[in-house]
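Asker: Any chance you could fold what I've pasted below:
(2 chains)
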Number of protein chains: 2
Amino acid sequence: MMGSALAFPTRENGHEVRLVGTPLDREIIDACRRSGQHPKFDRPFPPGMKYYQFEEWRDAVTGADFVIGGVSSFGVDWFLDEILTELDPSVPVLSVTKGLIDREDGSLISYPDYWSAKLSERGICRKINAIGGPCTSYELVYHDHSEVAFCGEDAAALRMMKETMETSYYHISLTRDVLGLESAVALKNAYALGIAMTIGLVNREHGPEAGLHFNSQAGAFYQATREMTKLLKLQGAEEDSVAIGIGDLYVTVYGGRTRKIGILLGEGKSYDEAMEILNGVTLESLVVSRRVARAIFKKSRQGELDLADFPLLVHVNDVLEQGKDARLPWESFTFDHSF
Amino acid sequence: MMGSALAFPTRENGHEVRLVGTPLDREIIDACRRSGQHPKFDRPFPPGMKYYQFEEWRDAVTGADFVIGGVSSFGVDWFLDEILTELDPSVPVLSVTKGLIDREDGSLISYPDYWSAKLSERGICRKINAIGGPCTSYELVYHDHSEVAFCGEDAAALRMMKETMETSYYHISLTRDVLGLESAVALKNAYALGIAMTIGLVNREHGPEAGLHFNSQAGAFYQATREMTKLLKLQGAEEDSVAIGIGDLYVTVYGGRTRKIGILLGEGKSYDEAMEILNGVTLESLVVSRRVARAIFKKSRQGELDLADFPLLVHVNDVLEQGKDARLPWESFTFDHSF
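Answerer: Prediction:
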């Protein structure tokens, strides 16, 4: 979805854009060829797009200035094996996949770092650039103003990509803080789930006609800001990357499936019931939540952090993993700096 | 409104609560006496409240454990002269008035500090405690979960007040960081105005049927987070106070008149037109925005900060003061840390 959405600013800037589907996207590419429109978007692509089925990907990247990778978290290893290992190392790659990987030692690494390390084992020297920030694909297609950041180690490549893609509505910051930015936009998934739970909890406590109430959402948002700031400092993130993550948290609370499952859990549905209602769709946000929780439990055992500083993240994990009731541990969000 | 709302948790905890109106609240107090309900709230006060007209305030505070002050920014000097100067200095005061005062030297001080200084000139030694945090009066009355912080210099008084007022839905942190907390919850006014403008701007750019779009709101929220974090560091705020301010920003974007005037300005109305539509109501958020802007302009002239770090605050001020078009300077929100 996001890979396709990025075609809009790029093509509107007059660049040739070649959209390649994975083997799972065969029907989408067929539909694009037929109608010039992604079936999930409410408006057509700009004129002049080119569409490719997966088998044609080598034709698509021939002569390309850079490649945008738009797989989901579940396609990270597939993208590594099928594309990154095969692609000419001199062609820059910009990835939109959001997530983190937790390692044995409790550290959390970004997908760009994961890919670079794996490629290095295969004798390939490549750094990957990535996009983070508060930007949903639907809103980008709508031409709503969007603030994002591109991160990577090659300033010249980042600037070339910014120049190619920036428009009157797509605004791009640049940073070398890959781990900080990628951590910020990954962490927001777990926290958006916790905030969305409050919406369902209001329905449970006050009845289905309760409507939206914002004190409890804002209370959870405050705690999410506290915990994300602490975790991102541990990750060595720059202050501006933290702000990008807070903005991303805001947009994630308002859209998509993370909000939906949070509301269902808040209403008192079990994890299994919620997943059944959502037709068993596998959510990236749940994968990220579990990985981050696993990492902070390990860091806590190693004495690197205090779990008491992360009650919302622990709570979200307990709801997902232990079937704990979604009622938030509000008192654990208070502090006492009066002495 | 907030003073009245705080009667709910306090009275529900079994304490005697005496609600005193200012001279402007005569009809409200009459209505409360008649119906046991504040005319602006959708549910009655807990049973057993006592109501007082202004002339009876000395009776109301006799024997009180503490006094909650709920005037608006426009009543700060009135509250100083009529109550704080007259009240027994041994009775603690907790103020809900949100705001800052800019001084000649470009510094921004809290109302508690302003009051203490003025009282000191009058030979009265009193520190004032205050409440900050994401909590609207309507939602508190609704019993939606709310996270707030009480700040002050007297730990024992703060703890007594917390114990008196905390309930299953009203969650209270304590801090000595008076200036940081009060700055955080004051600053959010200007920034909520800037974020709300994006809602009106979407209507202007895409038509009145556009509906809500969250990328642009989140883009402005990201920039607000950046600027608030920077300004609050200059104010010496603790990290937890910043988080309280970000939570307060979230709840302010969603409710009340600050949102309404932001949307009107975003839609292209002039400041005067917007005020006319809102029936000339004087908004505290506008007062605070202007004071903060005045202070940062002064600090900038004194070389203490760089105005380029605060493009959203400068923009909001230009819209209010110079009649500038509300279109946000999106490119000025981007950064380049690629080198």
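
Asker: Give me the mean pLDDT for stretch A:181-199.
Answerer: Mean pLDDT, computed over stretch A:181-199, is 95.

Asker: How about stretch A:310-325?
Answerer: Average pLDDT, stretch A:310-325: 95.

Asker: for stretch A:63-82, same thing?
Answerer: Averaging pLDDT along stretch A:63-82 yields 96.

Asker: Show residues contacting that stretch.
Answerer: A:1-4, A:6, A:15, A:18, A:22, A:61, A:83-84, A:87, A:91-99, A:111, A:114-115, A:118-119, A:128, A:157, A:160-161, A:164, A:282, A:284, A:287-288 (CB atoms under 8 Å, 6 or more residues apart in numbering or on different chains). No exception for glycine: its C-beta is placed from N, CA and C like everyone else's.

Asker: Identify each buried residue in it, please.
Answerer: A:67-73, A:75-76, A:79-80, A:82 (16 or more other CB atoms under 10 Å in any protein chain shown).

Asker: what does stretch A:32-45 give?
Answerer: Within stretch A:32-45, the residues that count as buried by 16+ other CB under 10 Å are A:32, A:38, A:41, A:45.

Asker: before we move on, back to that, biggest separation within the buried residues of stretch A:63-82, which pair?
Answerer: In terms of CB to CB, the buried residues of stretch A:63-82 reach their longest pairwise distance at A:V67 and A:S73, which sit 18.7 Å apart.

Asker: just checking, A:V185 touches A:K98?
Answerer: Yes. With contact defined as CB atoms under 8 Å, A:V185 and A:K98 form a contacting pair (5.1 Å).

Asker: Of the buried residues of stretch A:32-45, just say which sits nearest to chain B.
Answerer: A:F41 (14.5 Å; CB to the nearest CB).

Asker: show me the contacts for that closest one.
Answerer: Listed by CB under 8 Å, 6+ apart, the contact set of A:F41 reads A:4-5, A:137-138, A:141.

Asker: What is the end-to-end distance of stretch A:126-134?
Answerer: 27 Å (CA to CA, to the nearest Å).

Asker: how near is A:L24 to chain B?
Answerer: 26 Å (CB to the nearest CB, to the nearest Å).

Asker: Any chance of the backbone angles for that residue?
Answerer: Dihedral pair for A:L24: phi -80, psi -10, per degrees, to the nearest 10.

Asker: Pull the number of nearby residues for it.
Answerer: The number of residues packed near A:L24 is 13, by other CB atoms under 10 Å in any protein chain shown.

Asker: Same question for A:S107.
Answerer: Neighbour count of A:S107, defined by other CB under 10 Å: 16.

Asker: Skip the chain neighbours and tell me the closest residue to A:Y254.
Answerer: Closest residue to A:Y254 apart from its sequence neighbours, by CB to CB, 6 or more residues apart in numbering or on different chains: B:F214 at 4.4 Å.

Asker: Quick check: the one you found touching A:R259?
Answerer: No. B:F214 lies out of contact with A:R259 (CB under 8 Å); the separation is 10.7 Å.

Asker: the more surrounded of the two?
Answerer: Comparing B:F214 with A:R259 by other CB under 10 Å, the one with more neighbours is B:F214, at 24 against 19.

Asker: Look up the residues forming beta bridges with the nearest residue to A:R294 once chain neighbours are set aside.
Answerer: Nearest residue to A:R294, sequence neighbours excluded (CB to CB, 6+ apart): A:D102, at 5.1 Å. Here A:D102 sits in beta bridges with A:L108, going by DSSP bridges.

Asker: A:D102 - how many residues pack around it?
Answerer: 20.

Asker: same deal with A:E209?
Answerer: Number of residues near A:E209 (other CB under 10 Å) recorded here: 6.

Asker: In terms of helices and strands, where is it?
Answerer: Assigned by DSSP states H and E, A:E209 falls within no helix or strand.

Asker: cool, A:L119 as well?
Answerer: helix A:111-121.

Asker: Return the set of buried residues in that helix.
Answerer: A:111-116, A:118-119.

Asker: And for stretch A:181-198?
Answerer: For stretch A:181-198, using 16+ other CB under 10 Å, the buried residues are A:181-198.

Asker: Quick check: the gap between the residue positioned nearest the centre of chain A and chain B.
Answerer: The centre of chain A sits closest to A:K98, judged by CA atoms, centre = their mean, with a distance of 3.4 Å. Applying CB to the nearest CB, the value for A:K98 to chain B is 15 Å.

Asker: Fine, thanks again, bye for now.
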